[in-house]
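Novice: any chance you could fold what I've pasted below:
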Amino acid sequence: MNKLFKSHPLRKRGYLPGDEEQINALYRLIAGIDRSNDEYRWEWLGTWNGRGSMWLAFDENREPGDQLIMQYSLIPTPMSVFGKTCLAAKTENCMCHPVYRGSGLYFKHEKRSFEDAKQSFQLFFTTDGTAGRGAAGAVRRKLGYMAFDSWVQYFFLTDANLVQQKIDSVFSQRMESISSPVGFLSACATSLVTAYFRPRDSKCYGYEARVFDKSDSPLEDVEALWCRNKGIYGISVDRNQSYMHWRLDRNPYFEHRYLGLYDKKRMVGYVVFYRDGHHVMRVVDILADNKSVGIFCQLLGNLTALATRERAAAVSCTTLAGNRILRNALKKSRFVRRDIMSDIRNWRKKKEMPFHVYVKGITSEYPGALERRNWYITELVMEGRR
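Specialist: Numbering: from 1, shown residues only. Modelled structure (predicted):
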């Protein structure tokens, strides 16, 4: 195939208006996801920082309208590095047409584009280095990225009926041949689990909890809280109003809500969440003044109580394994790690680390950037789509 392209070179350029038709077609072919032009415009053309960065490659020997074969693309993301704002690049929707895989063409395309991107961005990351059976991570590591950390998900069950169904299912599968009173054992187990997950609308600090939707989102308060605290949160998303409005309030996929804690008029903590198609309330972002464990726990307690009142099935929170601040608050709030049994069964296997970073541009000034405990990462860095 390489010989073929010596006689038929590819045409490479940046995005031009109208390219979204072929980009979405290639995305549909590879990911199996239909994305509307409006959804594409939100994610790539009208971000908080203008248009995302796209390097495209076309094979003009293909049929018109089907000539796009490769895309390397980056979503601009504001990051705070120990209190100093920098512009980071999130790799997303990087694609190669299946016909051209294995030719070595894509790596050359990404490498050249990556070198161009270094002129504009100070830090790079990808949230799923295990995509494409690990091909995405392999390409990034060849460019100098580090396989840095793993995602972990914690949950809190808030629907007693769901608890009963899950436990009944376990007992019916494992005790079919046993004459023991399965119903009694199931009921006892349900009582214990339900008691463990009993929500507590925490008011230990006496802060007032207020719930907002995007029509009255408290982004001024969020930014003020962040500005007071960003120096102590290590490396994290820089929560400026422009980025948060784009990522949360303008998001076409989910209706985000905010639960804020207030000391009179001053916000001291917040959690952003949405309800997914499985009736689970998913935490997108959470922050507490001065990294207070008490405020974190009150936020999580208020959220689980709200989920119970609204008959949600559970509350879920995803973060990096190295995020000790949030991990400790979740455990103290009786959230359970979803994959803990899987970890025990597979403890001999090499752990996948889908969160990859390229931090060579900042390590000379911030050597702590190479330590996982200094990163405070939530779902806020995710793509923000289903």
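Novice: can we go C-alpha only for contacts and neighbour counts from here?
Specialist: Will do.
Novice: which phi and psi does Arg247 have?
Specialist: phi -70, psi -30 (degrees, to the nearest 10).
Novice: surely Tyr258 forms part of a helix?
Specialist: No - secondary structure assignment (DSSP: H, G, I helix; E, B strand; the rest coil) places Tyr258 in strand, not in a helix.
Novice: could you measure from it over to Thr318?
Specialist: Tyr258 sits 17 Å away from Thr318, going by C-alpha to C-alpha, to the nearest Å.
Novice: do the same with Arg101
Specialist: 32 Å.
Novice: of the two, who's got more company?
Specialist: Taking neighbours as other C-alpha atoms under 10 Å, Arg101 and Thr318 compare with Thr318 leading, 22 against 14.
Novice: how about the contacts made by the more buried one?
Specialist: 151-154, 283-284, 378-379 (C-alpha atoms under 8 Å, 6 or more residues apart in numbering).
Novice: can you tell me the SS state at it?
Specialist: Per three-state DSSP, Thr318 ends up strand.
Novice: same thing with Val357?
Specialist: Val357 - assigned by three-state DSSP - is strand.
Novice: give me the nearest residue to it, chain neighbours excluded.
Specialist: Phe125 (4.2 Å; C-alpha to C-alpha, 6 or more residues apart in numbering).
Novice: so where does the one you found fall, helix or strand?
Specialist: strand 123-126 (DSSP states H and E).
Novice: which segments of this protein make up each domain?
Specialist: Residue ranges for the domains of the chain, per automatic domain parsing: 2-121, 152-158+202-350, 159-196.
Novice: ok, which of those comes nearest Lys142?
Specialist: Across the domains of the chain, Lys142 has its closest neighbour in domain 2-121 (8.9 Å, C-alpha to C-alpha).
Novice: ok so, going back, using TSV, lay out the domains of the chain together with mean pLDDT and distance to Gly144.
Specialist: As requested, the domains of the chain are exported to TSV (pLDDT from 0 to 100; distance: least, C-alpha to C-alpha, whole Å):
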stretch	mean pLDDT	distance to Gly144
domain 2-121	93	10
domain 152-158+202-350	92	19
domain 159-196	53	44
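Novice: looking at these, which is buried most?
Specialist: Highest mean neighbour count of the domains of the chain: domain 152-158+202-350, a mean of 19 (counted as mean count of other C-alpha atoms under 10 Å).
Novice: distance between that one and the chain's centre?
Specialist: 12 Å (C-alpha atoms, centre = their mean, to the nearest Å).
Novice: if I look at the closest residue to Tyr72 other than its chain neighbours, how far off is Ala314?
Specialist: Nearest residue to Tyr72, sequence neighbours excluded (C-alpha to C-alpha, 6+ apart): Cys94, at 4.6 Å. The gap separating Cys94 from Ala314 is 33 Å, by C-alpha to C-alpha.
Novice: do the same with Arg28
Specialist: Counting by C-alpha to C-alpha, the gap from Arg28 to Ala314 is 31 Å.
Novice: with Arg327 instead?
Specialist: 18 Å.
Novice: ditto for Ile377
Specialist: For Ile377, the distance to Ala314 - C-alpha to C-alpha - is 21 Å.
Novice: please enumerate the helices of the protein.
Specialist: Remark: helices assigned in the chain by DSSP state H are 2-7, 20-31, 37-40, 105-117, 135-143, 160-174, 182-196, 219-229, 241-244, 293-309, 324-332, 340-345.
Novice: that older thread, my read: the residue nearest to Val357 touches Lys90, true?
Specialist: Yes - between Phe125 and Lys90 there is a contact under C-alpha atoms under 8 Å: 5.1 Å.
Novice: buried residues, stretch 137-155. List them.
Specialist: Neighbour counts over stretch 137-155 (16 or more other C-alpha atoms under 10 Å) mark 137-141, 145-155 as buried.
Novice: most widely separated two among these?
Specialist: Counting by C-alpha to C-alpha, the most remote pair of the buried residues of stretch 137-155 is Val139 and Phe155, 32.5 Å apart.
Novice: ok, back up a step: show the contacting residues for the residue nearest to Tyr72.
Specialist: The contact partners of Cys94, taken as C-alpha under 8 Å, 6+ apart, are 70-73.
Novice: rerun that using 10 Å as the cut-off
Specialist: 27, 54-56, 70-74, 106, 110, 136 (C-alpha atoms under 10 Å, 6 or more residues apart in numbering).
Novice: could those residues go into a markdown table alongside distance to Leu45?
Specialist: Formatted as a markdown table, the contacts of Cys94 follow (distance: C-alpha to C-alpha, whole Å):
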| residue | distance to Leu45 |
| --- | --- |
| Tyr27 | 16 |
| Met54 | 10 |
| Trp55 | 14 |
| Leu56 | 15 |
| Met70 | 18 |
| Gln71 | 15 |
| Tyr72 | 15 |
| Ser73 | 12 |
| Leu74 | 12 |
| Tyr106 | 23 |
| Glu110 | 20 |
| Ala136 | 23 |
